[in-house]
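# After the sequence you'll find the predicted model.
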Amino acid sequence: MSGTPAARYGITIPFDGIPLHAHKEWFTRLVSLGYSDVWSAEVDGSDGFTPLALAAAWEPSLRLGVAITPAYTRGPALMAQSVASIADAAPGQFAFGLGASSEVIVAGWNGLDFTNQYKRVRDTLRFLRLALTGEKVTEKYETFHVTGFRLARVPEQQPPLYLAALRPGMLHLAGKEADGAILNWLSADDVPKAVAEVKSAAEDGAHRKIVARIFVIPTEDADLARMVGRRMITAYLNVNAYAEFHRWLGRGPALQPMWDAWAAGDRKAALAAIPDEVVDALVVHGSPAQCRAHVQRYMDNGITVPALAVIPLGIELEAAVEGLAPGAPQA
């Protein structure tokens, strides 16, 4: 029922400003506060796997996930090795998130062609399904080919494979061929629409996990939270994939003035054009108790694994993590 802590409750790692070697005490604290999951990312900081390897060694009870690893930036064989290594280090505790990522990351930073995103993610998912079992793979996929690869270190338990998905095509692929979907930059009220697409494609009738990275600013200074939230929104929602996602969700009219100003090179006007209600829907803010209640709405609407991305403003990180914990006092 509403207000009841979820069986799964995650947080994004590593924490900004904390060296990786200093995370041991943070992982211990997370467990004591009732967090069940730690979810890494792979953008421009740590790689997606190293923080999880440390968590597996220091706090074996934590569930681990990466949301997400780009389908392009590792070759297929190396991708399989990376996934298998964490799965071997933490049997039954690791979930792998795969996604297309973005043109900035794939092409701009890694010098790779960012084409055929759907097919590349699909082909990588299918390759991993086979390779992680230890079978020898010789296969010509549409976006790459593999000749004679066999994984020498097969994990004792096959890790679940999730797909980062925004619109129906990838959401359907997640429902049909993956073990779950990873959502990002959507409101609590948007969740049912995305989840319905995943469920509609699950031909085996099996339940799919739905992970969501939820941005949380635990401050009662609404003006400050909205200022930061607007900057975050312009950084993400001007990327074409996210813009199309929000058009599909029905948020196009509210965001079109921001998109127009951004395209014209007027960053200040773009920030000002984002309505308060859009910020309030996409970025959780308020007191820790208000934030927890907002996160609960995501769970009530179908998110099975929330992964909080905490942005502490006017509050120490430790206090923010404690205040947002699933077992924190309601008052």
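The structure has been received and is ready for your questions. Numbering: from 1, shown residues only.
# tell me how far the ends of stretch 62-77 are from each other?
With C-alpha to C-alpha, to the nearest Å as the measure, the first residue of stretch 62-77 is 27 Å from its last.
# What residues sit buried inside it?
Judged by neighbour count (16 or more other C-beta atoms under 10 Å), stretch 62-77 contains these buried residues: 62-74, 76. Where you see a C-beta, it was placed from the backbone N, CA and C, and this is true even at glycine.
# Give me the neighbour count for residue 204.
With neighbours defined by other C-beta atoms under 10 Å, the count for residue 204 comes to 8.
# Can you tell me how far it is from residue 129?
Per C-beta to C-beta, to the nearest Å, residue 204 is found 14 Å from residue 129.
# circling back to that earlier point, want to throw the buried residues of stretch 62-77 into CSV with secondary structure, distance to residue 159 and pLDDT?
Compiled in CSV, these are given as follows (DSSP: H, G, I helix; E, B strand; the rest coil; distance: C-beta to C-beta, whole Å; pLDDT from 0 to 100):
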residue, secondary structure, distance to residue 159, pLDDT
62, coil, 15, 98
63, strand, 11, 98
64, strand, 9, 98
65, strand, 9, 98
66, strand, 10, 98
67, strand, 13, 97
68, strand, 14, 97
69, strand, 12, 98
70, strand, 18, 98
71, coil, 16, 98
72, coil, 20, 98
73, coil, 19, 98
74, coil, 16, 97
76, helix, 16, 98
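# With distance to residue 319 as added columns, please give the residues you listed in CSV.
Below are the buried residues of stretch 62-77 laid out as CSV (distance: C-beta to C-beta, whole Å):
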residue, distance to residue 319
62, 21
63, 24
64, 25
65, 25
66, 27
67, 25
68, 29
69, 31
70, 34
71, 38
72, 39
73, 36
74, 37
76, 43
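# Which of those residues sits closest to residue 284?
residue 67 (17.1 Å; C-beta to C-beta).
# State the mean pLDDT of the host helix or strand of residue 212.
For residue 212, the element it lies in under DSSP states H and E is strand 209-217. Per-residue pLDDT values over strand 209-217 give a mean of 98.
# ok, then the element right after that strand?
By DSSP H and E, the next helix or strand past strand 209-217 is helix 222-237.
# Packing partners of that next one?
strand 209-217, helix 240-249, helix 252-263, helix 267-272, helix 276-282, strand 284-285 (3 or more C-beta pairs under 8 Å, 6 or more residues apart in numbering; DSSP states H and E).
# most neighbours per residue, which of these?
Each of these was given a mean neighbour count from mean count of other C-beta atoms under 10 Å, and the largest, a mean of 26, is that of strand 284-285.
# can you state the direction angle for the helix or strand following it and strand 209-217?
Helices and strands here follow DSSP H and E; after strand 284-285, the next one along the chain is helix 288-300. Direction vectors for helix 288-300 and strand 209-217, defined by axes from the mean of the first three to the mean of the last three C-alpha atoms, to 10 degrees, enclose an angle of 160 degrees.
# Just the element for residue 320, please.
helix 317-323.
# Over to residue 48?
With elements taken from DSSP H and E, nothing contains residue 48; it lies in neither a helix nor a strand.
# The nearest residue to residue 131 once chain neighbours are set aside in helix, strand or coil?
Taking C-beta to C-beta, 6 or more residues apart in numbering, and ignoring the residues beside it in sequence, residue 131 has residue 80 as its nearest neighbour in space, at 4.2 Å. Per DSSP: H, G, I helix; E, B strand; the rest coil, the local secondary structure of residue 80 is helix.
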